[in-house]
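Give me coordinates for this.
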Amino acid sequence: MAKPSLQLLDIQTAADGCSLSAVLLVSPSGLRVSAKLARALLAERPTLAEHACHACGVRPFCEVIVGTTLSHLAEHLAIDLLVAHYPGQRFSGTTTWEDDEAGTMRVRVRALDGAPSAREVSGGGLQGTTNLELKASLEEAVYRALVLINNTLC
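Residues are numbered from 1 along each chain as shown. Model prediction:
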């Protein structure tokens, strides 16, 4: 049996650089977040627990993480990584099935306030941030989320 994994098939960033769409392949297709995986990732990223999740009404993500799809987990992890990098910036995401038989899902993540250019955020790292830099951060967050999930699955 092949080892469980989450793979990036496609990633596209909007022209404004403030949102992205990624198609992910979950293998095997029915794989869901186990209690063990949830505990490991919540220990690694404790702020993930308090994300607002709209999948089943508005609830903290810690209440829905066990049993959710790996792609939905990747969405929340990417947002968690972005919020840590851009304090004060708001992000939102959605996860939808592309093809449930094939195990592909589309994850969308966007910066709600646009690129935080020309303002200083605590830590001083964002002054002059461009949409291109935000685009790179969005893509990096998805890649890092996949690495965290796949490393924890092993």
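
contacts for the one helix or strand Glu139 maps to?
Taking DSSP states H and E as the criterion, Glu139 maps to helix 131-153. Residues outside helix 131-153 that contact it (CB atoms under 8 Å, 6 or more residues apart in numbering): 3-8, 11, 13, 16-20, 22, 24, 37, 40-41, 44-45, 70, 73-75, 77-79, 81-82, 85-86, 107, 109, 111, 114-117. In this view, the C-beta of every residue, glycine as well, is placed from N, C-alpha and C.

Restricted to strands, list the residues you listed.
Using DSSP state E, 5-8, 11, 13, 19-20, 22, 24, 107, 109, 111 are the members of those that sit in strands.

Make a PyMOL selection of the buried ones in these.
Here is the PyMOL command that selects the buried residues among the ones in strands among the contacts of helix 131-153 (16 or more other CB atoms under 10 Å):
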select buried, resi 5+6+8+13+19+20+22+24+107+109+111
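
For Gly93, state which of the ones in strands among the contacts of helix 131-153 is nearest.
Each of the ones in strands among the contacts of helix 131-153 was scored against Gly93 by CB to CB, and Val109 proved nearest at 4.3 Å.

Could you give the number of residues near the residue nearest to the closest one when sequence neighbours are not counted?
Of all residues not flanking Val109 in the chain, Gly93 sits nearest, at 4.3 Å (CB to CB, 6 or more residues apart in numbering). Residues near Gly93, counting by other CB atoms under 10 Å, number 20.

close enough to count as contact, Gly93 and Ala78?
Yes - under the criterion of CB atoms under 8 Å, Gly93 lies in contact with Ala78, with a separation of 7.0 Å.

anything in contact with each of these two?
Common neighbours of Gly93 and Ala78 (CB under 8 Å, 6+ apart) are 107, 109.

Show me the shaky parts of the chain.
Scanning the chain for pLDDT under 70 picks out 1-2, 115-132, 154.

picking up where we left off before, ok, residues contacting the helix or strand containing the residue nearest to Val109?
Following DSSP H and E, one finds Gly93 within strand 91-99. For strand 91-99, contacts defined as CB under 8 Å, 6+ apart pick out 23, 55, 69, 71-72, 74-76, 78-79, 82-83, 104-112.
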